[in-house]
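have a look at this fold, sequence not included:
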């Protein structure tokens with residue numbers, strides 16, 4: 001019988017989001033399913049205190065696996081033409097901390113589901129574990145619908161090699177914020193073979209230049225092989241399985257949990273992509289930060305501490321809002337100047 005569980009990636013900086021995720025897992029998936037937290041860095045004092053309170057939660061301790069994935073990511077990213085051209089391989093995006101999530105392939109669970117820390121579980125994941133009897137990877141996202149310019153892989157370049165056509169590439173595109181898979185798919189030998197192809201055969205250029213440092217973009221290359229069987233719920237023939245998942249882009253309806261607005265279809269998770277950990281921290285301190293579905297987040301964050309949940313959210317200071325918007329605009333301009341565009345991630349680099 002397979003040993004199944006959940007992984008996430010966290011540190012003390014995203015403590016509020018971690019607590020909310022763990023509570024949502026308890027409520028909507030189950031009290032007994034094991035959850036393992038992969039350390040984003042060594043800032044883990046509050047995380048360890050939370051783990052001690054939850055018998056089903058543990059901390060990933062195989063640092064050899066973590067460092068192996070970081071080294072792999074850093075080496076192949078540094079070989080990307082965009083990294084070489086811009087000489088920005090030292091930036092925080094290239095440090096490989098987000099790639100630590102792939103240590104899940106070296107973990108204890110035979111089958112697992114990975115949740116990004118800025119997510120809430122909305123329903124059981126038995127359907128994902130069931131799919132893993134037939135597939136190697138299970139996804140639930142709409143990355144395959146993105147334009148060629150924004151896709152994780154350089155579709156035209158790969159197509160020119162004659163190895164894949166566009167339809168074959170596009171149907172395998174996915175994100176890395178939520179996925180199901182199995183232990184052992186990327187052992188040391190496989191990782192070295194991938195590294196050789198990426199660097200020596202220059203297949204790192206298959207990773208699209210607008211996200212050459214990104215863990216999701218690299219993950220798409222790793223799963224492109226026809227040896228891997230992929231299933232994406234958003235490409236299912238069953239319309240009830242095709243839903244949105246992104247808090248700041250998709251419409252949902254709250255009925256105890258969030259449902260896809262069209263058809264009231266249950267969703268696997270709500271992904272608060274694009275919001276910083278600082279915004280969640282201020283929200284938990286009682287500030288209306290404008291996060292979509294923030295009441296849903298607060299209900300899970302303070303599920304076990306209802307007396308600490310903010311009774312009334314105070315409005316944001318107008319000047320602070322303008323300053324934050326200008327900071328975001330400035331960050332986007334700076335990124336554009338060096339050829340970098342990316343989704344905001346809640347986890348900082350150490």
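That came through fine. Since we're looking at a predicted model, the values are computed, not measured.

can you pull out the strands in the protein?
4-10, 35-39, 57-59, 111-115, 119-121, 137-139, 178-182, 230-232, 252-255, 257-260, 265-266, 269-271 (DSSP state E).

direction included, what does the fifth one pair up with?
Think strand 119-121. strand 269-271 (antiparallel) (DSSP bridges).

just the first one next, same as before
Strands flanking strand 4-10 in the sheet, each with its direction: strand 35-39 (parallel), strand 111-115 (parallel) (DSSP bridges).

dump these to a markdown table, plus mean neighbour count, mean pLDDT and distance to residue 125.
Quick note: C-beta positions are derived from backbone N, CA and C, even for glycine. A markdown table is the format used below for the strands paired with strand 4-10 (neighbours: other CB atoms under 10 Å; pLDDT from 0 to 100; distance: least, CB to CB, whole Å):
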| stretch | mean neighbour count | mean pLDDT | distance to residue 125 |
| --- | --- | --- | --- |
| strand 35-39 | 22 | 98 | 12 |
| strand 111-115 | 24 | 98 | 5 |
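
on that earlier part again, so for residue 25, which of the strands of the chain sits nearest?
When the strands of the chain are ranked by distance to residue 25, counting by CB to CB, first place goes to strand 119-121 at 4.8 Å.

find the nearest non-adjacent residue to residue 165, please.
For residue 165, ignoring the flanking residues on the chain, the nearest one in space by CB to CB, 6 or more residues apart in numbering is residue 159 at 6.0 Å.

export the strands paired with strand 4-10 to TSV and tack on distance to residue 105?
As requested, these are arranged in TSV below (distance: least, CB to CB, whole Å):
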stretch	distance to residue 105
strand 35-39	11
strand 111-115	9
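
that older thread, tell me the confidence at the residue nearest to residue 165?
On the pLDDT scale, residue 159 is placed at 97.

and the gap between it and residue 10?
Plainly put, residue 159 is 38 Å away from residue 10 if you go by CB to CB, to the nearest Å.

between these two, which has more neighbouring residues?
Residue environment comparison for residue 159 versus residue 10 gives the larger neighbour count to residue 10, 28 against 17, counting by other CB atoms under 10 Å.

identify each buried residue in stretch 284-291, please.
Of the residues in stretch 284-291, 284, 287, 289, 291 count as buried by neighbour count, 16 or more other CB atoms under 10 Å.

just to revisit the earlier point, can you pull the contacts of the residue nearest to residue 165?
Applying CB atoms under 8 Å, 6 or more residues apart in numbering, one finds that residue 159 lies in contact with 165-166, 169.

let's go with 10 Å and repeat that
Taking CB atoms under 10 Å, 6 or more residues apart in numbering, we find residue 159 in contact with 148, 153, 165-169.

before we move on, what about residue 194?
Neighbouring residues of residue 194 by CB under 10 Å, 6+ apart: 72, 76, 186, 203, 218, 221-222, 225.

how does it look with 7 Å?
Residues touching residue 194, when contacts are defined by CB atoms under 7 Å, 6 or more residues apart in numbering, comprise residue 222.

please name the nearest non-neighbouring residue to residue 286.
With sequence-adjacent residues excluded and distances taken as CB to CB, 6+ apart, residue 286 is closest to residue 310, at 3.8 Å.

can you get me a residue count around that neighbour?
For residue 310, the neighbour count with other CB under 10 Å is 15.

quick one: low-confidence parts of the protein?
By pLDDT under 70, the weakly predicted segments of the chain are 87-96, 317-350.

before we move on, back to that, tell me how far the residue nearest to residue 286 lies from residue 289.
If you measure residue 310 against residue 289 using CB to CB, the figure is 11 Å.

and what of residue 203?
Residue 203 sits at a distance of 41 Å from residue 289 (criterion: CB to CB).

next, format the contacts of residue 159 as JSON lines and append neighbour count and distance to residue 295.
Conversion of the contacts of residue 159 to JSON lines gives the following (neighbours: other CB atoms under 10 Å; distance: CB to CB, whole Å):
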{"residue": "148", "neighbour count": "14", "distance to residue 295": "38"}
{"residue": "153", "neighbour count": "23", "distance to residue 295": "38"}
{"residue": "165", "neighbour count": "11", "distance to residue 295": "46"}
{"residue": "166", "neighbour count": "13", "distance to residue 295": "42"}
{"residue": "167", "neighbour count": "9", "distance to residue 295": "41"}
{"residue": "168", "neighbour count": "14", "distance to residue 295": "42"}
{"residue": "169", "neighbour count": "23", "distance to residue 295": "40"}
